[in-house]
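Predicted coordinates and the sequence they were generated for:
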Amino acid sequence: MTYAIQAEGLVKRYGATTALDGVDLTAETGRVLGVLGPNGAGKTTAVRVLATLTRPDAGRATVGGFDVVRQAHQARSLIGLTGQSAGVDEALTGTENLIMIGRLLGLSRPAARARAAELLAGFDLTEAADRAAKTYSGGMRRRLDLAAGLVGRPRVLFLDEPTTGLDPRSRTGLWEVVRGLRRDGVTVLLTTQYLEEADQLADDLVLFDHGRIIARGAPDELKAATGGQVLEVRPVDGDRLDLVVKVLREVLGAVPETANGLVTAVLSDPAAVPAIVRRLDDLGVVAAELTLRRSSLDEVFLALTGHRAEPEAAA
Amino acid sequence: MSAAARTVPPPAALRQTLTLAWRNLVQIKHNPMELVDLSVQPIMFLLLFTYVFGGAISGSTGDYLQFALPGLIAQNMLFATLTTAVGLNVDIHKGVFDRLRSLPIARSAPLAGRIVADTLKQAWAFALFLGLGLVLGFRIETGAAGVLGALALLLVCALTLSWTSVLIGLKAADVEKVQLFAFSVMLPLTFTSNAFVPGETMPGWLRRWVEINPVSHLSDALRGLLTGGPVAGPAVTSLLWAAGVAALCAPLSVRAFRNRA
């Protein structure tokens, strides 16, 4: 097993704020490491340190075997950076942005032009290639940003919240790109506030909270770790929510959560489900939706930290 | 990888600097308005000062133009150095600066590329002032060497003062703060000099400041180079001032640059 990214004991302070408080993490070559956590958890700082933009106050890290502080130049030749931490020049066209990066990476003028055209085609931007990036939609701009990170064919790609603020269609489009890169053997470190995104893309996950890693493992392992399944019931008649809550509380002995007409309760024993269904039936409550699923990462996060990972508006 | 590959060799660093200078200039091609933005202030100031104040200050617009054009050139140069601050500040906030820093390129290239481009813009503004000035009746009384000397002095001062601009660009919370600096520091600085009006009519305390003000010395040096008169004294004083400001701002900029990292 080889590690494309290795970090030990990373500490970064900004004045009185400790952004990273002793972070150890590893990303296996050719896999997608998801870094999950709420805003301000230290995800972006971790990316900045690993992408050689920020010097850690303590600890060390290597990317592709090169120390990010002492061998920063070599590390930079392996990485691509996109998302929150990097931008495109909005006054330049899509083509010019990519040619500029190609030229900076030492490509000849024709080679830089060819690489730009290839990437623009791959990201469905050919039609917009000669328009200034400031005229692009949010989704187009993110795609250009990702293309800019790929000009040098990086072996390690940092995607810092690549889909924050994107519409669902653009988001799934980007997910496909990440899957494609993984197939090509690129190691990807992806930070996200979206549990679904981490669940969809990551082979391995680390959960950040207050500058520390509070859990790590495969998404399934983490979900299994909270030990439970989740029962969701949505009554057809919204007025009967209280009745559903009452039934679940009586059978499970815990207070379920209610949001948007959906009652959610953590279940340790699946055998309780038939009892709940019978009680609801006896009371004449018709369920529009009755689902049993493994706990989501959000619930894992809640169980581990006592607060949710996703911002209110994001889900 | 060998130790030699650890740093960027000078030819590559130069090419990267030129690529980034190209990046700052190619925008003009798409957005010719930028050239207008670049030119509108010089043209406006030149016309306003010549025709509005000219008669009152010097008795005739022609005489005034002869006196004020070098001062206008000096003032415009100071304001134009702030384009470096604005551009840098925008790059930082849009993430372009960090993208560039994540590439295996010379650390100096992003700043150097911007400064090269801004220096070319300074040369353009100088040419514009001189060209329009000649149309309006300005007479060069020295010759080609004087004009080239004036341009050289102007660009050296602009390059040295870029350090101030870099510091402001790194430190300012946003572009509006850069503009606030232009109006609250640059405007009074240039007006309390002999750039537009000879100091003789001003009250004594102000006259003493006008004689110290580096903008006065630079204006005098440019006057000497374009219309004749003493050059060495004011030119040396201007350069010493510029060097002093750079000596103060360069280390602060480097520190601000490091602290961002």
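Now that the structure is in, tell me what you want to look at. Numbering: from 1, shown residues only, chains lettered A, B, ... in the order given.

now the strands for the stretch 151-300 of chain A?
Using DSSP state E, counting those that start in this stretch, the strands of the stretch 151-300 of chain A run over A:156-160, A:187-192, A:204-209, A:212-217, A:229-235, A:257-259, A:262-267, A:287-294.

Quick one: closest of the ones you listed to chain B.
strand A:156-160 (8.3 Å; C-beta to the nearest C-beta). For the C-beta atoms, the positions are set from N, CA and C on the backbone; glycine is no exception.

partner strands of that closest one, parallel or antiparallel?
Sheet pairing of strand A:156-160 (DSSP bridges) gives strand A:79-83 (parallel), strand A:187-192 (parallel).

Going by mean pLDDT, which of those strands comes out lowest?
Lowest mean pLDDT of the strands paired with strand A:156-160: strand A:79-83, a mean of 90.

if we can go back for a sec, need the strands of the stretch 151-300 of chain A in a markdown table (columns: distance to A:Thr93 and mean neighbour count).
Formatted as a markdown table, those follow (distance: least, C-beta to C-beta, whole Å; neighbours: other C-beta atoms under 10 Å in any protein chain shown):
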| stretch | distance to A:Thr93 | mean neighbour count |
| --- | --- | --- |
| strand A:156-160 | 24 | 26 |
| strand A:187-192 | 27 | 27 |
| strand A:204-209 | 37 | 24 |
| strand A:212-217 | 41 | 17 |
| strand A:229-235 | 48 | 20 |
| strand A:257-259 | 45 | 13 |
| strand A:262-267 | 46 | 20 |
| strand A:287-294 | 46 | 13 |
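
Distance to A:Ala46 for these - can I get that in CSV?
Output for the strands of the stretch 151-300 of chain A, formatted as CSV (distance: least, C-beta to C-beta, whole Å):
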stretch, distance to A:Ala46
strand A:156-160, 9
strand A:187-192, 8
strand A:204-209, 7
strand A:212-217, 9
strand A:229-235, 30
strand A:257-259, 31
strand A:262-267, 30
strand A:287-294, 28
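
Nearest to B:Phe67, out of these?
Shortest distance between B:Phe67 and the strands of the stretch 151-300 of chain A, using C-beta to C-beta, is found for strand A:156-160: 56.1 Å.

Tell me the residues on the stretch 101-250 of chain A that lie near chain B, please.
The stretch 101-250 of chain A has residues A:101, A:103-106, A:132, A:148, A:152 near chain B, with proximity defined as C-beta under 8 Å from any C-beta of the partner chain.

what's the closest of those to A:Pro38?
Closest to A:Pro38, out of all of these and judged by C-beta to C-beta, is A:Ala148, at 27.3 Å.

on contacts alone, who are the packing partners of the lengthiest helix in chain B?
Longest helix in chain B by number of residues, with DSSP state H as the criterion: helix B:61-94. In terms of contacts (3 or more C-beta pairs under 8 Å, 6 or more residues apart in numbering or on different chains; DSSP states H and E), helix B:61-94 is packed against helix B:33-48, helix B:54-58, helix B:96-101, helix B:109-136, helix B:144-171, helix B:175-181, helix B:187-191, helix B:214-227.

So which of these is nearest A:Tyr194?
A:Tyr194 lies closest, by C-beta to C-beta, to one member of these: helix B:96-101, at 22.6 Å.

And the residue of chain B found nearest chain A, what's its pLDDT?
Chain B approaches chain A most closely through B:Gly95 (2.9 Å), counting by C-beta to the nearest C-beta. Note for B:Gly95: predicted pLDDT of 89.
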